[in-house]
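Peer 1: Predicted model, plus sequence, below.
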Amino acid sequence: MTRALPSTFRTALSGYKRLLVWAAAFSVFVNILTLSIPLYTIQMFDRVLPSGSGATLIVLTIAVLGGIAVSSALEEIRARLLVALGVQFDAQLSTQLFDRLVERDSAASFGTKGSAVRDLDTVRHALTGSAIISLFDLPWTPLFLCVCFYLHPVLGIISLGGAVTVMSLAVINQMLVGRQIGASGKLSEESYRMTEGVIGNAETVRAMGMMPEMSRRWSAIRVQAIAMQADASKINSTISSVIKFLRYALQVLIMGAGAWLAVGREISPGALFAASLICTRALMPVDQLVGVWRQILAAWSALGRVEEILSIPLRPAAMSLPTPEGRLVAEGLSYTVPGASAPTLNEISFSVNPGESLGIVGPSAAGKSTLARLIVGAIKPSAGSVRLDGAEVWSWARPEFGRFTGYVSQNIELFEGTIAQNIARFRQTDPELVVAAARLAGVHDLILGLPKGYDTPLMPNGAPLSGGQRQRIALARAVFGNPRLVVLDEPNSNLDGEGEAALHKLMASLKANRTTVILIAHRPSVLVSLDKVLVLTNGAVAEFGPVERVMPRIAPGFPIGQRRIAESA
C-alpha cells in the first residue's frame with residue numbers, strides 16, 4: 001500500500017470535496033464530544049460526591065446526555081454523508097467503467113468483465129463502511145493521548161506506549177497479510193476467468209467429458225486462493241487478539257497507575273477513571289483498523305484494477321456527420337493484437353463504391369474477422385485507416401455510426417430481452433420498423449411461429465432459439481433502420497436451405513437499395529451475386545477485383561453462369 005492514490009480515483013473524489021469536508025468536520029465534533037463522559041466522570045468524583053449537590057449532578061447529567069445525543073446525531077449524519085458519497089461516486093465511475101469494458105480490445109488482459117464491477121463495489125463499500133470511519137477517527141488519537149498527559153505524565157506515557165505498540169502491530173499485520181491478500185486476489189481472478197470460460201463452453205465440456213479435469217484444475221486454483229486467505233485471516237485474527245489483550249492490559253495498567261497516583265494524591269479519583277476511558281478511546285480507531293485491514297487491502301487492490309481499466313482512453317467526441325452514401329476505402333490498414341509480435345493484418349488497401357458488395361475470402365486465421373471488426377470500428381487500427389464517405393470509422397460517434405451500419409459478427413450475440421428489442425437494438429422505435437427489418441431478413445414468419453412471437457424472451461446466449469434462428473434474428477438486427485453499410489461475417493454458417501435462400505433474397509434487396517455490403521464467407525455459393533472479391537492470405541491482400549475475374553482462379557468451377565442468371569433476375 002505504498003503507491004500513490006490513482007489519478008482517476010483522486011479526480012473523482014475531488015468532485016466530492018464538500019462531502020468529505022463535512023464528514024471530516026463532523027468527525028471533529030464527534031471526537032471532541034467523546035470527552036464529555038470522561039469529563040463527567042471527573043466532575044462526578046471531584047465535585048458532586050464531595051459536595052453532595054444534587055442540583056450539580058442533575059445539570060451535569062443533562063449536559064452529558066445532551067453531548068452524547070449530539071455526538072450520536074453527528075455520527076449518523078456522517079454515516080449518511082459517506083453513503084451519499086459512495087452512491088454518487090459509483091454513479092460517476094460505474095458508467096465510465098462500463099463504457100471502457102465495452103470499448104476495450106477483447107484481447108487485452110484486465111481480468112473478467114464481471115470482476116471489474118465487483119472491484120468497484122469493493123471500493124465503494126470501503127468508502128462508506130467502518131474502514132473510512134476508522135481513518136477519520138485515527139487522527140484524533142493524539143488528542144486523547146495529550147489529555148492523558150494533561151491528567152498526569154505517567155498516565156500519558158503508559159497510554160503513548162500502548163498506542164505505539166498497537167500501531168506497530170498494525171504495521172506488522174499489514175506486512176504479513178498484505179502480500180498474501182494480493183496473491184490470493186490474483187488467484188481468485190484466475191478462478192473467475194476459468195469459471196466464465198468453462199460455463200461459456202459448458203456444452204463442449206459436457207460432450208467431451210472434460211469436466212473432471214476442468215473441475216480439478218479449478219479446484220486447485222480455488223483451494224490455493226482460499227488457503228492464502230485463511231492464512232491471512234489467521235494472522236489477522238492472532239494480531240487482533242494480541243491487540244485486544246493489550247487494550248485490556250492497558251486499562252488495568254492505567255487503573256493501577258492511576259490508583260497509585262491517587263493514593264499519593266497526585267491525581268483525583270475522577271482523573272483515574274477518566275484516564276481509563278480516554279485511553280480506551282485513543283486505541284479504538286487502531287483496533288478498528290486492524291479489524292477491517294483485510295477490507296482495506298482488498299479495496300486497495302481492487303482500486304488498482306479499476307484504475308487500470310479507467311485509464312483506457314475513450315474515443316474522442318465527434319461532430320455529427322451527414323448520412324453516408326456508402327463509399328468505403330481502406331488505406332494501408334494494419335492491426336497487431338496487443339502483446340503479439342506479428343501483425344494479424346498488414347497493409348490492407350481496397351475501395352468499395354456506394355451500393356457495391358464485396359466478398360472477403362481466405363483460409364482460416366487469414367484475418368477476415370479482424371478486418372470486419374476494423375471496418376465497423378469495433379477495434380482501432382494499429383496503422384492506416386478505414387473511411388466511410390471520407391470519415392474515419394474509428395473516430396465516428398458510435399451511436400450515430402450505428403444508425404448507418406449493420407453488423408453480424410462471427411459469434412452471434414443476442415442479449416437478454418425480447419426478440420423485438422434485439423432487432424430494434426433496444427431503441428424505442430415504431431414496431432412497424434421492427435417488422436420491416438424482420439421481413440427484409442426473411443424471418444418474420446419464423447418469429448410469428450414462436451409461442452410469443454416478437455415478445456419471445458431471450459436468454460443472454462439467445463436461448464431458446466437454435467443457432468440458425470439466432471443467426472437470422474441477427475441478420476434482421478443488422479438491417480434494422482435501413483443502414484448504408486452492412487458487414488456480415490459468415491452469415492450463413494448456421495443456416496439451412498431455407499435460411500440460405502432468405503440470405504440470397506436479402507442480398508438482392510440490399511443491392512436494390514444501394515446498400516454497401518461486406519460479406520465474409522467460406523461457401524462460394526453466397527458470393528455469386530457480389531460485385532468484388534478480396535482474397536486474404538496470411539493477413540495480406542492476395543487478390544482483389546471483380547468476382548467473375550478472381551473467383552474462377554481461386555475456386556475452379558465457380559458458377560459464373562449462376563451469377564449471370566442472378567444479375568439478369
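Peer 2: Nice, I can see it.

Peer 1: only C-alpha atoms for contact and neighbour calcs from this point on.
Peer 2: Will do.

Peer 1: Show me where this protein dips below the pLDDT cut-off.
Peer 2: Low-confidence segments of the chain, defined by pLDDT under 70: 1-16, 103-114, 200-201, 203-204, 207-208, 290, 316-318, 523-525, 555-569.

Peer 1: next structured bit after the helix ranked longest in it?
Peer 2: The single longest helix within the chain, with elements called by DSSP state H, is helix 211-263. As assigned by DSSP states H and E, the chain's next helix or strand after helix 211-263 is helix 269-291.

Peer 1: Send me that following helix as CSV with only the CA atoms.
Peer 2: Presented in CSV, the C-alpha positions along helix 269-291 are these (Å, rounded to 0.1, in the frame of the first residue of the first chain):
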residue,chain,number,x,y,z
PRO,A,269,-10.2,9.7,41.8
GLY,A,270,-12.1,11.2,38.9
ALA,A,271,-9.0,11.6,36.8
LEU,A,272,-8.3,7.9,37.5
PHE,A,273,-11.5,6.7,35.8
ALA,A,274,-11.3,9.4,33.1
ALA,A,275,-7.9,8.3,32.1
SER,A,276,-9.1,4.7,31.7
LEU,A,277,-11.9,5.8,29.4
ILE,A,278,-9.7,8.2,27.4
CYS,A,279,-7.0,5.5,26.9
THR,A,280,-9.6,3.1,25.6
ARG,A,281,-11.0,5.7,23.2
ALA,A,282,-7.5,6.6,22.0
LEU,A,283,-6.8,3.0,20.9
MET,A,284,-10.2,2.3,19.5
PRO,A,285,-9.5,3.5,15.9
VAL,A,286,-6.3,1.5,15.7
ASP,A,287,-8.2,-1.6,16.9
GLN,A,288,-10.9,-1.0,14.3
LEU,A,289,-8.4,-0.6,11.6
VAL,A,290,-6.8,-4.0,12.4
GLY,A,291,-10.3,-5.5,12.3
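
Peer 1: Tell me the helices and strands packed up against it.
Peer 2: helix 36-43, helix 130-137, helix 141-151, helix 153-200, helix 211-263 (3 or more Cα pairs under 8 Å, 6 or more residues apart in numbering; DSSP states H and E).

Peer 1: Next one: residue 492 from residue 522, what distance?
Peer 2: 9 Å (Cα to Cα, to the nearest Å).

Peer 1: between these two, which one's more packed in?
Peer 2: residue 492 (25 against 17; other Cα atoms under 10 Å).

Peer 1: Can you tell me which helices and strands the longest helix of the chain packs against?
Peer 2: Secondary-structure packing of helix 211-263 (3+ Cα pairs under 8 Å, 6+ apart): helix 153-200, helix 269-291.

Peer 1: Save the helices and strands packed on helix 269-291 as JSON lines, and put in mean neighbour count and distance to residue 456 too.
Peer 2: Formatted as JSON lines, these follow (neighbours: other Cα atoms under 10 Å; distance: least, Cα to Cα, whole Å):
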{"stretch": "helix 36-43", "mean neighbour count": "20", "distance to residue 456": "66"}
{"stretch": "helix 130-137", "mean neighbour count": "19", "distance to residue 456": "46"}
{"stretch": "helix 141-151", "mean neighbour count": "19", "distance to residue 456": "62"}
{"stretch": "helix 153-200", "mean neighbour count": "18", "distance to residue 456": "23"}
{"stretch": "helix 211-263", "mean neighbour count": "17", "distance to residue 456": "32"}
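
Peer 1: Can you say which of these is nearest to residue 289?
Peer 2: Taking Cα to Cα, helix 130-137 is the member of the helices and strands packed on helix 269-291 nearest to residue 289, at 6.1 Å.
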